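Undergrad: Sequence and predicted structure are below.
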Amino acid sequence: MALPPQAPQSAELYLAVQHFYARQMQLLDDGKADEWAATFTEDAVFAANARPEPVRGRADIAAGARQATEQLALDGLVRRHWLGMLSVDTRSDGTVLARSYALVISTPKGGQAAIHVSTVCADVLVRDGDDLLVRSRHVTRDDLV
Amino acid sequence: MALPPQAPQSAELYLAVQHFYARQMQLLDDGKADEWAATFTEDAVFAANARPEPVRGRADIAAGARQATEQLALDGLVRRHWLGMLSVDTRSDGTVLARSYALVISTPKGGQAAIHVSTVCADVLVRDGDDLLVRSRHVTRDDLV
Amino acid sequence: MALPPQAPQSAELYLAVQHFYARQMQLLDDGKADEWAATFTEDAVFAANARPEPVRGRADIAAGARQATEQLALDGLVRRHWLGMLSVDTRSDGTVLARSYALVISTPKGGQAAIHVSTVCADVLVRDGDDLLVRSRHVTRDDLV
């Protein structure tokens, strides 16, 4: 049976994607909505099976993150986005397909941390100089599958 | 006090093992039991403290995964296997000892994601051309320790 | 908007830090308090928002870990420390700033695994030959923020 090659095609790229996600999730969870949104391309598309329509463009992606950040503050919740089990493939057009599991951990002030949702995150990443940017993201919540 | 060297003996190998596990767990959780079983050697041994006897051989390992996949579908559950805190050591015979924590996250359709079990996974990996294969796996559930 | 560079400044260092944490957490969770404490410098400072005062020095850090290990055994609990979403920056003085999320998973004997706490871990690491050591650690529990 033919398997996809298990070693990442580029060790440097695999690490760069890991580090990219670490910084991206820290920005989101630190409430830095605009800096977080700047890790998407201007024309990025953010789709999720939890929403009827994708969010289109960095400005709307930023607006959504600002609103979510404000709501979490009102609710007294700290959220942490964990990505793991990351696979990375370079496509023939030079873009990068990154597939990972994403777990959202939620902790109420003075309360008990728990898993909020378990999801799969499929991104198309593009290079922007030395950086990476998300061109499209599709998040699938396991409870809605 | 002598500590084991903290840097991985081979950065390439450490990344290859990470990527191997990402693909392996995605195959299992996507219900691709045969492709998942193909990441074990033909004569692989899969032992667990949750089972009285190890499962021996790729065919039986595949059969077990197919059965588990069917049961999860019947139960309306999505499972995600997360590996983390991975340490990798090359042994004198060229095989690779990979020890990691493994967390199984379970989400019922329309329900709440939660940790199913917390385990430790000790694998002996062998090289197969550019790929890695599991020759033996020992999974220890923390609740049964 | 200027973002920090997303690729790790050194792929070797990023991997070394990952491997360092994997070994360090395995030592702690295996109850090897002295070996675990040996991954801190002699004069290390361990601060946490869950404690009024930092713990100072490897000897006191080891003593705290021994006490915690004994208490867990008395309580019949297995703890697993997971680090993730790791970002690594080398500072101008050559020390390394490592920021990560840390999740503590707790499993009672015969019982159900669950998240104990969700935290952020900010470490200053220093090189010690080929190894890394923690010079200072600051752990922030999300429930106490």
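TA: Right, received. Where do you want to start?

Undergrad: Tell me where chain A has helices.
TA: Taking DSSP state H as the test, the helices found in chain A are A:11-29, A:33-37, A:58-75.

Undergrad: which stretch among these comes nearest residue B:57?
TA: Among the helices of chain A, helix A:11-29 comes nearest to residue B:57, with 31.9 Å by CB to CB. From N, CA and C alone the C-beta is placed, and that goes for glycine too.

Undergrad: helices or strands up against that closest one?
TA: In terms of contacts (3 or more CB pairs under 8 Å, 6 or more residues apart in numbering or on different chains; DSSP states H and E), helix A:11-29 is packed against helix A:33-37, strand A:77-90, strand A:96-108, strand A:131-141, helix B:11-29, helix C:11-29, strand C:77-90.

Undergrad: Dump the C-alpha coordinates for it into PDB.
TA: Extracted C-alpha coordinates of helix A:11-29, given in PDB (Å, rounded to 0.1, in the frame of the first residue of the first chain):
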ATOM      1  CA  ALA A  11      12.300  20.300   7.800                       C
ATOM      2  CA  GLU A  12      12.700  24.000   7.800                       C
ATOM      3  CA  LEU A  13       9.200  24.500   6.500                       C
ATOM      4  CA  TYR A  14       7.700  22.100   9.000                       C
ATOM      5  CA  LEU A  15       9.300  24.000  11.900                       C
ATOM      6  CA  ALA A  16       8.400  27.400  10.400                       C
ATOM      7  CA  VAL A  17       4.700  26.300  10.300                       C
ATOM      8  CA  GLN A  18       4.900  25.100  13.900                       C
ATOM      9  CA  HIS A  19       6.400  28.400  15.000                       C
ATOM     10  CA  PHE A  20       3.900  30.300  12.900                       C
ATOM     11  CA  TYR A  21       1.000  28.600  14.600                       C
ATOM     12  CA  ALA A  22       2.500  29.100  18.100                       C
ATOM     13  CA  ARG A  23       2.700  32.800  17.600                       C
ATOM     14  CA  GLN A  24      -0.600  33.000  15.800                       C
ATOM     15  CA  MET A  25      -2.500  31.300  18.600                       C
ATOM     16  CA  GLN A  26      -0.700  33.300  21.300                       C
ATOM     17  CA  LEU A  27      -1.700  36.500  19.600                       C
ATOM     18  CA  LEU A  28      -5.400  35.400  19.400                       C
ATOM     19  CA  ASP A  29      -5.500  34.200  23.000                       C
END
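
Undergrad: about what we covered before: format the helices and strands packed on helix A:11-29 as a markdown table; extra columns: mean neighbour count, mean pLDDT and distance to residue A:21.
TA: Formatted as a markdown table, those follow (neighbours: other CB atoms under 10 Å in any protein chain shown; pLDDT from 0 to 100; distance: least, CB to CB, whole Å):
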| stretch | mean neighbour count | mean pLDDT | distance to residue A:21 |
| --- | --- | --- | --- |
| helix A:33-37 | 20 | 98 | 12 |
| strand A:77-90 | 20 | 97 | 5 |
| strand A:96-108 | 20 | 98 | 7 |
| strand A:131-141 | 19 | 97 | 9 |
| helix B:11-29 | 22 | 96 | 13 |
| helix C:11-29 | 22 | 96 | 13 |
| strand C:77-90 | 20 | 97 | 7 |
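
Undergrad: Tabulate the helices of chain A in TSV, adding columns for distance to residue A:47.
TA: Converted to TSV, the helices of chain A look like this (distance: least, CB to CB, whole Å):
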stretch	distance to residue A:47
helix A:11-29	17
helix A:33-37	16
helix A:58-75	11
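
Undergrad: I'd say residue A:108 and residue C:145 touch.
TA: No. In this structure residue A:108 lies outside contact range of residue C:145 using CB atoms under 8 Å: 10.7 Å.

Undergrad: how about the helices of chain A, which one is nearest residue C:39?
TA: helix A:11-29 (21.2 Å).

Undergrad: okay, the angle between that closest one and helix A:58-75?
TA: Interaxial angle, helix A:11-29 versus helix A:58-75 (axes from the mean of the first three to the mean of the last three CA atoms, to 10 degrees): 50 degrees.

Undergrad: so what's residue A:91 closest to, chain neighbours aside?
TA: With sequence-adjacent residues excluded and distances taken as CB to CB, 6 or more residues apart in numbering or on different chains, residue A:91 is closest to residue A:97, at 5.8 Å.

Undergrad: What's opposite the one you found in the beta bridge?
TA: Beta bridges link residue A:97 to residue A:89, residue A:124, judged by DSSP bridges.

Undergrad: thinking it is in contact with residue A:121, fair?
TA: No. Counting by CB under 8 Å, residue A:97 sits too far from residue A:121 to count as a contact (11.4 Å).

Undergrad: follow-up on the earlier one: can you put the helices and strands packed on helix A:11-29 in JSON lines and add distance to residue B:83?
TA: Output for the helices and strands packed on helix A:11-29, formatted as JSON lines (distance: least, CB to CB, whole Å):
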{"stretch": "helix A:33-37", "distance to residue B:83": "27"}
{"stretch": "strand A:77-90", "distance to residue B:83": "7"}
{"stretch": "strand A:96-108", "distance to residue B:83": "10"}
{"stretch": "strand A:131-141", "distance to residue B:83": "20"}
{"stretch": "helix B:11-29", "distance to residue B:83": "5"}
{"stretch": "helix C:11-29", "distance to residue B:83": "11"}
{"stretch": "strand C:77-90", "distance to residue B:83": "10"}
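
Undergrad: how about these, which one is nearest residue A:66?
TA: helix A:33-37 (4.2 Å).

Undergrad: and the closest residue to residue A:23 other than its chain neighbours, what is it in contact with?
TA: Excluding its sequence neighbours, the residue lying closest to residue A:23 (CB to CB, 6+ apart) is residue C:87, at 5.4 Å. Shown in contact with residue C:87 (CB atoms under 8 Å, 6 or more residues apart in numbering or on different chains): A:19, A:22, A:23, A:26, C:98, C:99, C:100.

Undergrad: Swap in 6 Å and give it another go.
TA: The contact partners of residue C:87, by CB atoms under 6 Å, 6 or more residues apart in numbering or on different chains, come to A:22, A:23, C:99.

Undergrad: hang on, the earlier thing: would you mind measuring from the residue nearest to residue A:91 to chain C?
TA: 17 Å (CB to the nearest CB, to the nearest Å).

Undergrad: wait, doesn't that residue sit right on residue A:88?
TA: No. Using CB atoms under 6 Å, residue A:97 is not in contact with residue A:88; the gap is 7.3 Å.
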